[in-house]
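In: below are the sequence and a predicted model for it; my questions follow.
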There are 2 protein chains.
Amino acid sequence: MLVEDTLAHTLAQRGYKLTQPRRAVLKVLAAAGATLTPAEIHRRARSHCLHTGLVTVYRTLDLLTACGAIRKVHHADGCHAYALASGGHAHHVICECCQSVVEFDNCDLGTLLAAVQRRTGYQISGHWLELFGLCPNCRP
Amino acid sequence: MLVEDTLAHTLAQRGYKLTQPRRAVLKVLAAAGATLTPAEIHRRARSHCLHTGLVTVYRTLDLLTACGAIRKVHHADGCHAYALASGGHAHHVICECCQSVVEFDNCDLGTLLAAVQRRTGYQISGHWLELFGLCPNCRP
DNA sequence: GCCCACATTGAAAACGGTTTTCAGTTAGGA
DNA sequence: TCCTAACTGAAAACCGTTTTCAATGTGGGC
């Protein structure tokens, strides 16, 4: 199934309507292999549905985030970008040059978490890991 | 040496003046064992130096961040908080209840990074790890 | 200890991203 | 096809952050 259809299905399944502007946002997210800011998503969405408003972009991003279909990623200079999240627990590797992003889910932090827990006394319930680097295309 | 003095030394060493408002911000940061937002730092700083402006708080935070003495921490709902960073590479464990924070530096991600690098083709140059949980005081 | 250059300050205004408001529009089940 | 609740876009509100600028304070030199 196409990524766009998967996203559409996710929304439809929860009773949300599939309007033209929403579909435009889904298309953009499905086509992008990189992290995108709301503004950039808005710009691209207009080529699919001319009158798409920035407000609708934000609202759709909120919906998809709540569904777990996308995830906010945090760059050094702020946390304004979104990336597809293929469900379940996963993390992202982000290219510092072209912003391209891939997921990975084999985050085996068990040993580390246990050590920190023992040392600090904190009962750790969640973690957050993001990797930065250069994708194969951006290497010199 | 007191934390406040360490911070003051860091600034003085680089030729920055130690003004009353700046000292107030340092005091607040040194006394807080938790992550603080600029607004909260401002509120507290006023009890040390009455007329401290929010602008000065931001400017001082920028200086200290540039020096590596503090670090911006990223919560799920935004990245508006700062925490002391005792120099060098380190990460934070943050209490989801009271925002208290402790550092840990034994982040042995070597194996994980190598695996991801091999699997994705990305040349990984940096990472970012934050742990969330409950501190000993906030556990039921 | 006093002076002076210049870094630093605070108030207000500007700024940019995000959210709310609200009247008009649209999707999709009956 | 019709109807209603969900959805929409434009504008305004909002909020955290940055810039501007004239006034002030620090700390090195004397």
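Out: Structure's in. What do you need? Numbers count the residues shown, from 1 in each chain, chains lettered A, B, ... in the order given.
In: burial check on residue A:123, number of neighbours?
Out: 14 (other Cβ atoms under 10 Å in any protein chain shown). Just so you know, the C-beta spots here come from the backbone N, C-alpha and C atoms, and that holds for glycine as well.
In: my read: it touches residue B:132, true?
Out: No - Residue A:123 is not in contact with residue B:132 according to Cβ atoms under 8 Å; the separation is 10.2 Å.
In: can you list the strands that whichever strand in chain A runs longest pairs with?
Out: Using DSSP state E to define each element, chain A has its longest strand at strand A:123-134. Taking DSSP bridges as the criterion, strand A:123-134 sits next to strand A:91-95 (parallel), strand B:123-134 (antiparallel) in its sheet.
In: separation between the residue most central in space within chain A and residue A:140?
Out: When Cα atoms, centre = their mean is applied to chain A, the residue found nearest the centroid is residue A:83 (2.2 Å). Plainly put, residue A:83 is 25 Å away from residue A:140 if you go by Cβ to Cβ, to the nearest Å.
In: what of residue A:75?
Out: 22 Å.
In: same question, residue A:26
Out: Residue A:26 is 35 Å from residue A:140, by Cβ to Cβ.
In: swap in residue A:115?
Out: For residue A:115, the distance to residue A:140 equals 37 Å [Cβ to Cβ].
In: swap in residue A:9?
Out: Distance from residue A:9 to residue A:140, by Cβ to Cβ: 41 Å.
In: quick one: contacts for the residue nearest to the centre of chain A?
Out: A:34, A:35, A:36, A:70, A:71, A:73, A:92, A:94, A:101 (Cβ atoms under 8 Å, 6 or more residues apart in numbering or on different chains).
In: now, those residues that are in strands?
Out: Using DSSP E, A:70, A:71, A:73, A:92, A:94, A:101 are the members of these that sit in strands.
In: any chance of the residues you listed in TSV, plus pLDDT?
Out: Formatted as TSV, those follow (pLDDT from 0 to 100):
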residue	pLDDT
A:70	95
A:71	93
A:73	91
A:92	93
A:94	94
A:101	94
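In: what about whatever residue of chain A ends up closest to DNA strand D, neighbour count?
Out: Here the residue of chain A nearest DNA strand D is residue A:56; by Cβ to the nearest atom of the strand that distance is 2.8 Å. Other residues lying near residue A:56 total 19 when counted by other Cβ under 10 Å.
In: before we move on, which element is it in?
Out: helix A:54-67 (DSSP states H and E).
In: residues in contact with that helix: which ones?
Out: Contacts of helix A:54-67 (Cβ under 8 Å, 6+ apart): A:7, A:10-11, A:14, A:16, A:21-22, A:25-26, A:29, A:38-39, A:41-42, A:45, A:70-72, A:82.
In: if we can go back for a sec, residue A:115 and residue A:140: who's more crowded?
Out: residue A:115 (15 against 3).
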